[in-house]
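Undergrad: Provided below for reference: sequence and predicted model.
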Amino acid sequence: MAMTVLYGTETGNCKGLANKVAAKGEKNGVKVEVQNLAEYTTAQLAELKGAVLIIISTWDDGLPPPKAKPFCDELATADIDLSAIDYTVLALGDTEYPLYCECGKQIDARLAELGAKPFLERADLGSDFLVSYIGWSKRFWKTLAGYFGVGKSA
Ligand SMILES: Cc1cc2nc3c(=O)[nH]c(=O)nc-3n(C[C@H](O)[C@H](O)[C@H](O)COP(=O)(O)O)c2cc1C
């Protein structure tokens, strides 16, 4: 069992959560490959198969984290088929901003447009993300256990 976690971050919060997912995966017998969207292309995304989790924050009035912006800009116009991907998005943001978790929302919509299938509804986490992550993680691993066809939840 294997899955890919792609994160886009500016100050490390999404990276921290990606590493938590990887650590939990190791415990659950799921091999998790973690990649930074700052060094990732849509051509690489198009080669993925199976379960993919995208963890991304929003910056500067609804924009992607600056380092992940080239990837997001490329994704907006990419002509790629993502029908081999089953995905979910974990969006980080802050409810103080009018465009709350906008980048995660846009990625979610764009992946679906390109044929990827959601296996779990997107979750938007605010400034209390370290707390709300705990409930999300339970839902995520329970859903993935079903996805991989094993009776294990975490
Ligand atoms: C200058 C600045 C702009 C931000 N803009 C937004 C925004 O437009 N929408 C939103 O939901 N969150 C916004 N945030 C909140 C970040 O998305 C949030 O702090 C997130 O946890 C950062 O995650 P990261 O460290 O992985 O980049 C902003 C934060 C800062 C400091």
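TA: Right, received. Where do you want to start?

Undergrad: Pull the number of nearby residues for the closest residue to residue 64 other than its chain neighbours.
TA: Spatial nearest neighbour of residue 64, excluding adjacent residues (C-beta to C-beta, 6 or more residues apart in numbering): residue 72 at 4.1 Å. To be clear about C-beta, it is placed using only N, CA and C from the backbone, and glycine gets the same treatment. By other C-beta atoms under 10 Å, 19 other residues sit near residue 72.

Undergrad: what do you get for the one 3 residues further on?
TA: Here the count is done by other C-beta under 10 Å, and residue 75 has 23 residues near it.

Undergrad: The helix or strand hosting residue 130 packs against which elements?
TA: Assessed by DSSP states H and E, residue 130 sits inside helix 129-147. Packing partners of helix 129-147 (3 or more C-beta pairs under 8 Å, 6 or more residues apart in numbering; DSSP states H and E): helix 13-28, strand 50-57, strand 85-92, strand 123-125.

Undergrad: Much appreciated, bye for now.
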